[in-house]
Every structure is written in C-alpha cells, then in structure tokens.
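In: What follows is a predicted protein model with its sequence.
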Amino acid sequence: MCESCDSTSAAKINERRRFLRLAGLGVGALLMAGAMPSRIIQAAEKTTAPPKPKNVISPDEALKRLMAGNERYVSGNSETHDFKDEREALVSGQNPFVAVLSCSDSRIAPEYAFDTARGDLFAVRLAGNFVTDEGLASLEYGVAVLGAPLILVLGHERCGAIEAGVKAVKDHTVFPGKIPALTDALKSSVEQVKGRPGDLVENATVQNIKNSIERLKQATPLLTDALSKGQLKIVGGIYRLATGKVELVA
C-alpha cells in the first residue's frame, strides 16, 4: 500500500476509534475479533495530530471565533484563504470547530457568512433548518467523531419554508409533492407563536430555532454527554438578509 493511502486509512480508523470509545465499544474488542488488522491500529496510534490544530478550541472560543468571522463578512473584510494548502492538509481527515444546521436557501451560505475556510465548518442544510433524524445523526457525527465543540442552528429572515408553514396553519393550504413534509414539521413552531404580537413569520422563525436547539440538547447519548462534560455548546442565530449579520437567539 502506498504511503498516502496508508495515511488516509489510518486517519479514518483513528476517527472510528474515537467514535467507538464514545459509544462504549473498545477497539481492543474489535481487534480480538479480527475486525481490524493490528498494523492499521498501530498506524492509527501514530495519527494523533489533528489536520487543523487551531480548530481544537473550547465551545466558548469557537462561538467567539464564529461571530468574529461574521463581523468580517458583514464589514466586507473577509480573509483570503489558501485553498490549495487547506486541501492538502485535509486529505488525512477533518476537525471542524463548528457544526451548522442551516436552511437550504441559496442566499444563506454559512461558510461565507462566517468567513470560514475548508475544514472549519461542518454543514447540515435543509429547507426550514429543523432537526430531522438524518440531520441529527450528521450533527452527532460532527460532534462525537470529528470533535466539533459548537453547534449553531441558523435561521434567516423571509424563510420560504416558514412562510409555507404559516400558510398551512392560517389558510390550511395544501402544497403539492413532498412539501407538506416540511410544513408539517414547522406547524408546531407556528402554532406556538400564533397569538403573539409582531410578525408571525419572524416569530415562527425564532421559535423554530429554539425548538431545534431544545431537541438537540435532549439528544442522548452523544450530544447530552458532550454537553454535560462541557465539551459542547449549542446556540441559535438568525441571518439578516440585508446586512448579512447573524444575531444570536437567546
């Protein structure tokens, strides 16, 4: 096997070993069962340095860094990233400092909005930015395997999925195709704020972010374990279309 292939395999095994430890399974048991060749385990032991050492930070530091990136984006002073060097550094693995659950809206690009480089942001995108089982599994992977210390649920103004959810609740609109799967998932957020003063779409957007955060905070055992150990923070934010500014949601 060539050196680069062996290095890549080792990095993947190293990530898998970390995940298995969190899940309560020992690599030793797999090794005894013959599931992993000993030479790969030995190679994995040597692959200890993360691809991006500066991403190994605390949850609070991750949030501070994320918001500083948004400030650069808003002001038009985004950093210049050397994508060639980043590609080479990330061949052996990844260790993002934030995982983002955001809307699929083409106007909302988290990597740009927070001025991040390759390997910094682990993205899960879905119209309406609500938590699905598949999205949750992806975020669990980002935290438990890749070591992301921060999850951000990112909503935005004038979200089409939220607007559709409002129409489904207020006007009993039935949409074609699979769109009702989105509106059904968002109905509870709309119902929760239906009688409150202010703009219903804006209120439902914020409530949807809060509901998504709450579900993530109750996701056992991986996210709850990381939260209890102070290894993870989960926050919400809303993206303002006119300015690009992200405001944190309490």
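Out: Alright, I've got the coordinates.
In: give the contact list for T243.
Out: V74 (C-beta atoms under 8 Å, 6 or more residues apart in numbering). Just so you know, the C-beta spots here come from the backbone N, C-alpha and C atoms, and that holds for glycine as well.
In: same check, this time on T173
Out: Counting by C-beta under 8 Å, 6+ apart, T173 has contacts 164, 167.
In: Any stretches of this structure with poor pLDDT?
Out: Regions of the chain meeting the criterion pLDDT under 70 cover residues 1-48.
In: quick check: domain ranges of it?
Out: What automatic domain parsing lists as the domains of the chain is 1-48, 53-249.
In: So which of these has the densest surroundings on average?
Out: domain 53-249 (a mean of 18; mean count of other C-beta atoms under 10 Å).
In: May I have the distance across that domain, first residue to last?
Out: 29 Å (C-alpha to C-alpha, to the nearest Å).
In: what's the offset of it from the middle of its chain?
Out: 6 Å (C-alpha atoms, centre = their mean, to the nearest Å).
In: And the helix or strand that contains G135, what does it pack against?
Out: Element membership for G135 (DSSP states H and E) is helix 133-144. With contacts defined as 3 or more C-beta pairs under 8 Å, 6 or more residues apart in numbering; DSSP states H and E, the packing partners of helix 133-144 are helix 3-22, strand 98-102, strand 121-125, strand 150-156, helix 200-217, helix 222-228.
In: From what I see, G165 and T183 are in contact.
Out: Yes: G165 is in contact with T183 according to C-beta atoms under 8 Å; the separation is 4.8 Å.
In: if I look at these two, which residues touch both of them?
Out: Joint contacts of G165 and T183 (C-beta under 8 Å, 6+ apart) do not exist.
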